[in-house]
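In: Kindly generate the corresponding structure for this input.
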Amino acid sequence: VLAMQTSGQPGENTSEFWIRGISTFGASNSALVLVDGFERDMNDISVEDIESFQVLKDAAETAIYGARGANGVVLITTKHGKSSKINIDAKVETSYNTRTITPDYVDGYRYAQLLNEARITRNQSPQYNTDELFALKHNLDPDLLPNVDWKEAVLKDGAMSYRASLNLNGGGTNARYFVSVSYVDEQGMYKTDKTLRNDYNTNANYHRWNYRMNVDIDLTKSTLLKVGVSGSLDKQNLPGSQYHEIWHSLMGYSPIASPVQYSDGKWAAVGSEGRRNPWVLTTQQGYQETWKNKIQTTVNLEQDLKFITKGLKFYGRFGFDTYTDNGDNRFKWPESWLAERQRTSDGELQFRRIETQKLMDGTMYSSGQRKEYLEAELHYNRTFGDHMLGAVLKYSQDKTTNTSHNGNTDSYEKIVQSIQNRHQGFAGRFTYGWKYRYFFDFNFGYNGSENFASGQQFGFFPAYSVAWNIAEESIIKKHLKWLNM
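Out: Numbers count the residues shown, from 1 in each chain. As a prediction, this is how the structure comes out:
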């Protein structure tokens with residue numbers, strides 16, 4: 001199992017799981033994650049809510065999930081209540097996060113020396129004379145000969161993260177409950193303009209609130225009803241500039257290109273957009289705020305059918321999820337200037353305007369989706385002497401409806417957006433074992449999707465496996481007693 005984290009941005013620092021490598025390119029190659037039997041995002045779950053975590057990687061195990069199980073399957077079971085007095089668990093933790101590797105750059109004086117050296121080797125005159133190098137080294141003229149450590153100006157050394165959770169569980173013989181709430185606060189590593197703190201925040205911060213309630217009710221001695229409600233509320237804050245612009249400028253803007261701000265208050269830049277100085281890109285171009293809300297509902301019915309035959313059970317599941325994503329992006333940028341290399345005769349700076357001011361403007365968006373799941377399973381497990389028989393038959397269907405509303409008035413786009421994504425499938429598993437020594441499994445999945453053309457929407461995915469537990473052979477038990485499987 002491989003887990004790779006591709007971003008350190010608060011709210012985006014999640015891992016992608018690959019089981020036995022990447023099996024496809026250009027499409028989703030992550031494992032199928034099932035939470036209490038339903039396909040959901042692993043990152044939506046508080047770690048304190050997880051009871052068990054199981055990884056399925058063999059074809060014989062994943063065939064029952066059809067094409068969507070081709071990259072492996074992760075089964076997550078959340079916690080449920082137990083028959084006991086109320087138990088309360090609380091946990092608070094904090095951590096200090098730092099960047100793994102950020103390049104260290106030479107200062108303005110050394111940069112100017114290397115620039116002169118590069119020009120001399122190309123038979124060109126030096127860019128800076130001895131007096132200018134001296135002024136750079138001792139910061140005597142920060143307007144015309146700046147020496148800016150942009151990493152120090154824009155980035156913090158690290159940032160704090162806080163996590164807190166509270167769980168309650170208990171119940172009687174007929175009803176049990178598990179309730180949890182949790183909070184995550186991840187702070188960003190950008191410095192902010194103190195004069196703007198009362199208006200808005202330009203740092204990359206992330207807050208998440210999670211909640212979960214699982215209730216188990218014994219309707220009869222053979223009937224168990226499980227009802228679960230869970231969800232999360234996320235708030236993410238970002239600078240108004242795009243990340244690639246900030247880091248492109250931070251890595252490429254030289255320490256002698258311009259100061260952060262000239263002594264008369266003018267903002268400095270060598271160009272527009274990504275060529276603005278890193279401080280302006282990080283703190284002076286507005287902010288982005290995103291709210292995400294997820295509500296997940298699960299109803300499970302377990303019926304023991306031993307009155308028909310021993311070992312026969314029925315499982316029925318229904319799930320209903322809603323997801324909304326609302327964003328408020330506010331953009332602006334200040335008027336920027338670049339000073340000429342020479343002052344006027346009376347010692348004043350000469351400026352060239354790089355970009356005119358853009359006042360605060362904003363865009364808002366709203367997107368979302370609704371998902372419905374329905375599953376029915378019939379399980380049979382029974383032992384006859386030395387023979388162990390097992391079977392599973394499973395029917396499943398789900399549909400996803402796009403509920404986004406972005407002011408789109410194009411009728412064609414509305415029609416495309418309104419088309420539901422649907423999956424339907426029938427699967428089975430048959431197992432046989434003899435004396436815990438020889439095993440045979442046969443699995444199949446017959447799954448379909450509306451994405452494919454009529455007549456080509458379903459596919460059949462069979463798999464089988466055989467196993468031999470050599471430790472159960474009499475010769476092994478007699479001569480190799482230490483081999484116990």
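In: Could you point out the helix or strand that follows the longest helix belonging to the chain?
Out: When the chain is parsed with DSSP state H, its longest helix is helix 108-121. Next helix or strand after helix 108-121 toward the C-terminus (DSSP states H and E): helix 130-137.
In: Residue ranges in the stretch 251-400 of the chain under the pLDDT threshold?
Out: Residue ranges of the stretch 251-400 of the chain with pLDDT under 70: none are present.
In: hang on, the earlier thing: quick one: buried residues of the longest helix of the chain?
Out: Counting neighbours by 16 or more other Cβ atoms under 10 Å, one finds that the buried residues in helix 108-121 are Gly108, Tyr109, Tyr111, Ala112, Gln113, Asn116. Heads up, the C-betas are built off the backbone N, CA and C, glycines and all.
In: got these as CSV, with distance to Gly327 columns?
Out: Shown next, in CSV, are those (distance: Cβ to Cβ, whole Å):
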residue, distance to Gly327
Gly108, 39
Tyr109, 44
Tyr111, 39
Ala112, 43
Gln113, 46
Asn116, 48
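In: which one of those residues is nearest Glu16?
Out: Nearest to Glu16 among the buried residues of helix 108-121: Tyr111, at 38.2 Å, using Cβ to Cβ.
In: surely the closest one meets Trp150?
Out: No. Using Cβ atoms under 8 Å, Tyr111 makes no contact with Trp150, being 11.6 Å away.
In: Need the overlap of contacts for those two.
Out: Common contact partners of Tyr111 and Trp150 (Cβ atoms under 8 Å, 6 or more residues apart in numbering): Tyr105, Pro255.
In: Give me the contacts around the longest helix of the chain.
Out: For helix 108-121, contacts defined as Cβ under 8 Å, 6+ apart pick out 105-106, 125-128, 132-133, 136-137, 145-148, 254-256.
In: Drop anything exposed from those.
Out: 126, 128, 132-133, 136-137, 145-148, 254-256.
In: which of the residues you listed lies closest to Ala159?
Out: Within the buried ones among the contacts of helix 108-121, distances to Ala159 taken as Cβ to Cβ reach their minimum at Val148, with 22.3 Å.
In: Could I get the full set of helices for this structure?
Out: Going by DSSP H, the chain shows helices at 59-62, 108-121, 130-137, 150-154, 243-252, 278-283, 411-418, 474-479.
In: wait, which of those helices is closest to Leu349?
Out: The minimum distance between Leu349 and those falls on helix 130-137, with 14.9 Å, by Cβ to Cβ.
In: got the angle for that closest one vs helix 108-121?
Out: Helix 130-137 runs at 150 degrees relative to helix 108-121, counting by axes from the mean of the first three to the mean of the last three Cα atoms, to 10 degrees.
In: contact partners of helix 130-137?
Out: Gly108, Tyr109, Ala112, Gln113, Asn116, Tyr128, Leu140, Asp141, Leu145, Asn147, Ile256.
In: tell me the average confidence for that helix?
Out: Mean per-residue pLDDT for helix 130-137: 93.
In: Check the offset of it from the chain's centre.
Out: For helix 130-137, the gap between its own C-alpha mean and the chain's C-alpha mean amounts to 49 Å (Cα atoms, centre = their mean, to the nearest Å).
In: Dump the buried residues of helix 108-121 into TSV; add pLDDT and distance to Asn402 as well.
Out: Shown next, in TSV, are these (pLDDT from 0 to 100; distance: Cβ to Cβ, whole Å):
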residue	pLDDT	distance to Asn402
Gly108	94	52
Tyr109	95	57
Tyr111	95	51
Ala112	95	56
Gln113	95	58
Asn116	95	59
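In: partners of the biggest strand by length in the chain, with directions?
Out: Using DSSP state E, we find that the single longest strand of the chain is strand 358-384. If you go by DSSP bridges, strand 358-384 pairs up with strand 312-333 (antiparallel), strand 387-402 (antiparallel).
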